[in-house]
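Q: I would like the atomic coordinates for the input below:
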Amino acid sequence: MAVDKWDTVTIETLISDGVITAHKDGNYGSFYPRTSEFGKQGVPFLTAKFISDSGQLQFSEAPRLKLAKAEKLSFGFIEEGDVLLSHNATIGRVAVVPRLRERMLVGTSLTYFRLNQSCLLPRYLAVYFSGRGFQNQLKAVMTHSTRNQVPITAQRKLKVVVPPVSEQQCIADTLGTLDDKIELNRRMNETLEAMARRLFKSWFVDFEPVHAKAAGATSFPSMPQDVFDSLPDRFERTQAGLCPSGWKVRQLGDDIVIVKGRSYKSIELQPSTTALVTLKSIARGGGYRHEGLKPYSGPFKPDQVVKPGDLVVAFTDLTQEAAVIGKPAIVRENRQYQTLVASLDLGIVRPRTDVSIPFLYCLFKTDDFQSHIYGHTNGSTVLHLGKHGLPSYHFVVPDKKLHAAFLAIAGPTFDCIDALEGESRKLTELRDYLLPKLLSGEVRVRDAEKWAEQPDAFQFDDDQEKTDPTSTSVATPYALSGHSRPRIASQDENTYSDAADVQSVLLVAEAAEPPVTANADRPPPIDDRSTEEVMAAFRQAARNRGWMTRDELLKRVADHLGYRRLGTVIRQRLKNHLRAALRRRIIAADGPDRVAAGTTSMTDYSTDDLVDVVRSVLRPGQAMRTDDATRAVANHLGFTRLVGSVQAPIAAALDAAARRGTLEADDDTIRRVV
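A: Just a heads-up that it's a prediction; the model follows:
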């Protein structure tokens, strides 16, 4: 369908037509909460900083507004399905509110859009808001203002393309797959970094291997035997406290060179092949953000140039809770710019000895280092790090053999983080490239739903041979499955464009579960089907279907299970299973009869959700191999293939359950404790 058949309307028109039923921000005027009105209990209060760059809401970190104050507010309470847009200070972050376990409020930096979902789908609107076209509209508003904000009155003049709901669903599913993969990469990187930091803390902060050797141990997990054998077996008191015997304590300034970034004028922020790595390039708590780059046309010194892999530290902090000061980030490659230059708010940290970047990064993230940094800051509204803050820090220097062993593990881990960051950047660029083409009708996924369920139904290039499934020359899902790449239909049905540039969109194949079918011509009785098998059928039956009646869903489930008709007994059994599918959020309900897919990927479940599932599949005292537990959790939620996008969130949940004391881990076996 071409764009000239779709409506392009202002948000104001969508409000007046009843498509957007509520459009509010958290501007409570004189009733805006004061610091004293927050506490440990109450209603979570969300602001822009609690929306990640990938559109995830970080509820657990939000402050809580005391109930007495919250009850006085007549608006600002968000609901499941609301689309959130950050419009003040941090502009353009977007999120869809998931199912909530409690009431939540938004602050003045967020706007919420409540939709008539029979006309406008939340996930489509979120995809559209995240696209380059709408983001450019936001930037255009800011160019006419001296403040970094897009007020709610200005938002209502912004334009939105509104296709039919069926097309909205297709676009949201197609591009949402990319967003899901981006979010999965983010969570995997969090896990990878946490593993490296945990290893660093064990070896160089808590000295666990040395303690173990002093207690008589002859080896230590994850440490090469020759390295463990070289460790001392006693401690000695130093200015840094008790340290392994023979290890040195030095000031950080002996091992690093610090280069201050470039001071610049606003007139120098012009289009250029050079960009400044700014304070906004450092995430809260540390880590690198591509969004912080600013094009720069001014002068700079050669030593102020930063390259991918360089380490920078924040010397300034505009947050109220010191979330950035002294935090490290490893600069990543950006294909948009040829040269990157550190800004004045950052310091470039370069090793002058054998100490490595991964070692320094993990060191800078330790609590002791951050406490030291905070003691060397000054300022009230804006924090500044004193010049002696970094170089005066004392740290324990391990021998070269132990440092090399750490680098052998941490180095590849940080390389993997970098690779996933690069992949996410490419996926973001692909999403921004595809959205206007999908909206214009220039490109659309042909029979996407049919292809997801039956790949052979898709059309293939006539001159492209089927790929040998055993071949490793083409690392794509299609090489692994024996299929050539699908073709994308253009607006002219007689012409096709190669799907190479939209290959990542079609990675939905990775998430597509194999059809549930019986081995024999006649399917087994419904009572012989396992609950997990039926849950998988519910997930398949609802995929990419949008809203349908309960009876339609049951018929599709029966068909997936191999039953030609929905008889009385099968209908009743599937109704019972539907209640379980609703509890497990495989299916969502809207009223007594409308149902649809409740979740589309494992990333739709929070870590807390998955920990609850772990409790469901493991009885107290029950032990299970980790691989079996992972499969049990996946099957419980209707996923039959243990691909990476399914395994990673479950692994994070098992780790969280162990930290909370729910599980005990012993090698590759876990046991439910409580």
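
Q: what's the distance between T177 and G81?
A: Using CB to CB, to the nearest Å, T177 is found at 20 Å from G81. C-betas here are computed from N, CA, C, even on glycine.

Q: Below-threshold pLDDT in the stretch 551-674 of the chain: ranges please.
A: 674 (pLDDT under 70).

Q: For it, which segments count as helices?
A: Remark: helices assigned in the stretch 551-674 of the chain by DSSP state H, counting those that start in this stretch are 568-583, 607-617, 626-636, 644-659.

Q: Have a look at T177 and G81 and say which one is more surrounded.
A: T177 (23 against 18; other CB atoms under 10 Å).

Q: Hey, what's the angle from the helix or strand the more buried one falls within to helix 607-617? Just curious.
A: Assigning secondary structure by DSSP states H and E places T177 in helix 165-200. Relative orientation of helix 165-200 and helix 607-617, computed by axes from the mean of the first three to the mean of the last three CA atoms, to 10 degrees: 80 degrees.

Q: Could you list the residues in contact with the helix or strand following helix 165-200?
A: Sequence order places helix 208-214 as the next helix or strand after helix 165-200, per DSSP H and E. Under the contact criterion CB atoms under 8 Å, 6 or more residues apart in numbering, helix 208-214 has outside partners 202-203, 220, 223, 228, 231-235, 244.

Q: thinking again about what came up before, and of the helices of the stretch 551-674 of the chain, who's closest to L439?
A: helix 644-659 (26.6 Å; CB to CB).

Q: and that closest one, what other elements does it pack with?
A: helix 165-200, helix 508-511, helix 607-617, helix 626-636, strand 663-666 (3 or more CB pairs under 8 Å, 6 or more residues apart in numbering; DSSP states H and E).

Q: and L427, which of those is closest to it?
A: Between those, helix 165-200 lies closest to L427; by CB to CB that is 4.9 Å.

Q: Pull the number of nearby residues for the closest residue to T599 other than its chain neighbours.
A: In this structure, T599 finds its nearest non-sequential neighbour in R585, 5.2 Å apart by CB to CB, 6 or more residues apart in numbering. For R585, the number of neighbouring residues by other CB under 10 Å comes to 17.

Q: close enough to count as contact, R585 and S606?
A: No - using CB atoms under 8 Å, R585 is not in contact with S606; the gap is 10.6 Å.

Q: circling back to that earlier point, what residues of the helix holding T177 count as buried?
A: By 16 or more other CB atoms under 10 Å, the buried positions in helix 165-200 come out as 165, 167-189, 192-193, 196-197, 199-200.

Q: That one: how far from the chain's middle?
A: 4 Å (CA atoms, centre = their mean, to the nearest Å).

Q: Okay, angle between it and helix 644-659 too, please.
A: 50 degrees.

Q: next one: stretch 33-45 to chain centre, how far?
A: With CA atoms, centre = their mean, you get 27 Å for stretch 33-45.

Q: Please write out the alpha-carbon positions of that stretch in CSV.
A: Only the C-alpha atoms of stretch 33-45 are listed here, as CSV (Å, rounded to 0.1, in the frame of the first residue of the first chain):
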residue,chain,number,x,y,z
PRO,A,33,6.7,16.6,44.3
ARG,A,34,9.5,17.9,46.5
THR,A,35,12.5,15.9,47.6
SER,A,36,11.1,15.4,51.1
GLU,A,37,8.0,13.7,49.6
PHE,A,38,9.9,10.7,48.3
GLY,A,39,10.8,7.7,50.5
LYS,A,40,11.4,3.9,50.4
GLN,A,41,7.7,3.2,50.0
GLY,A,42,5.2,4.6,47.6
VAL,A,43,4.5,5.0,43.9
PRO,A,44,7.4,4.7,41.4
PHE,A,45,8.1,8.1,39.8
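
Q: Residues contacting that stretch, please?
A: Residues outside stretch 33-45 that contact it (CB under 8 Å, 6+ apart): 59, 62-67, 69-70, 102-107.

Q: can we see that at 10 Å?
A: 26, 50, 57, 59-73, 76-78, 100, 102-107, 320 (CB atoms under 10 Å, 6 or more residues apart in numbering).

Q: Got a PyMOL select line for the buried ones in those?
A: Entered in PyMOL, the line below selects the buried ones among the contacts of stretch 33-45, by 16+ other CB under 10 Å:
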select buried, resi 26+50+57+59+62+63+64+65+66+69+70+73+76+77+78+104+105+106+107
